[in-house]
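In: Sequence isn't available, so here's the structure alone:
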């Protein structure tokens, strides 16, 4: 009985998380290779559930991935078609990367653009695909 209940709970949680996130993929059009990829929860407010950043031959991630530098969400907001997210090192001692996005919508069409700023590495323009 306990095993069946545990399996059912695991299946429910797995299915729920698959339907509860949307992805946004952004890359720099300047040829720098900078990329920002984020998974957002579909809840009121901003819920960053996954994020990876690539720039200058380095890779940062919210999840443990081989070779990735760990980051955490320091702060974020999504207000009036503007999204701001700052990522910090795991000790919250410094901001590692800042993302600033703006979305324009006309009818069924939407465009999201912005910047990725990484201290001591650079600032990169972003063009995004996703919701």
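Out: Great, that's in hand. Just so we're clear, the structure is a prediction, and the values are computed from it rather than from any experiment.
In: which residues sit in contact with residue 46?
Out: Residue 46 makes contact with 40, 76-78, 83, 85, according to Cβ atoms under 8 Å, 6 or more residues apart in numbering. (C-beta placed from N, C-alpha, C; glycine too.)
In: mind redoing it with 10 Å?
Out: Residue 46 is in contact with 38, 40, 73, 75-79, 83-85, counting by Cβ atoms under 10 Å, 6 or more residues apart in numbering.
In: can you give me how far stretch 123-131 is from the chain middle?
Out: Averaging C-alpha positions (Cα atoms, centre = their mean, to the nearest Å) puts stretch 123-131 11 Å from its chain's average.
In: mean confidence score for it?
Out: The average of the pLDDT scores along stretch 123-131 is 93.
In: follow-up on the earlier one: can you list which of the contacts of residue 46 are found in strands?
Out: Using DSSP state E, the members of the contacts of residue 46 that fall within strands are 38, 40, 73, 75-79, 83-85.
In: re earlier: most neighbours out of the contacts of residue 46, which is it?
Out: Comparing the contacts of residue 46 by number of neighbours (other Cβ atoms under 10 Å), residue 38 comes first, having 26 neighbours.
In: Can you tell me, leaving aside adjacent residues, what's nearest to that residue?
Out: Leaving out its chain neighbours, the residue that sits closest to residue 38 by Cβ to Cβ, 6 or more residues apart in numbering is residue 51, at 4.6 Å.
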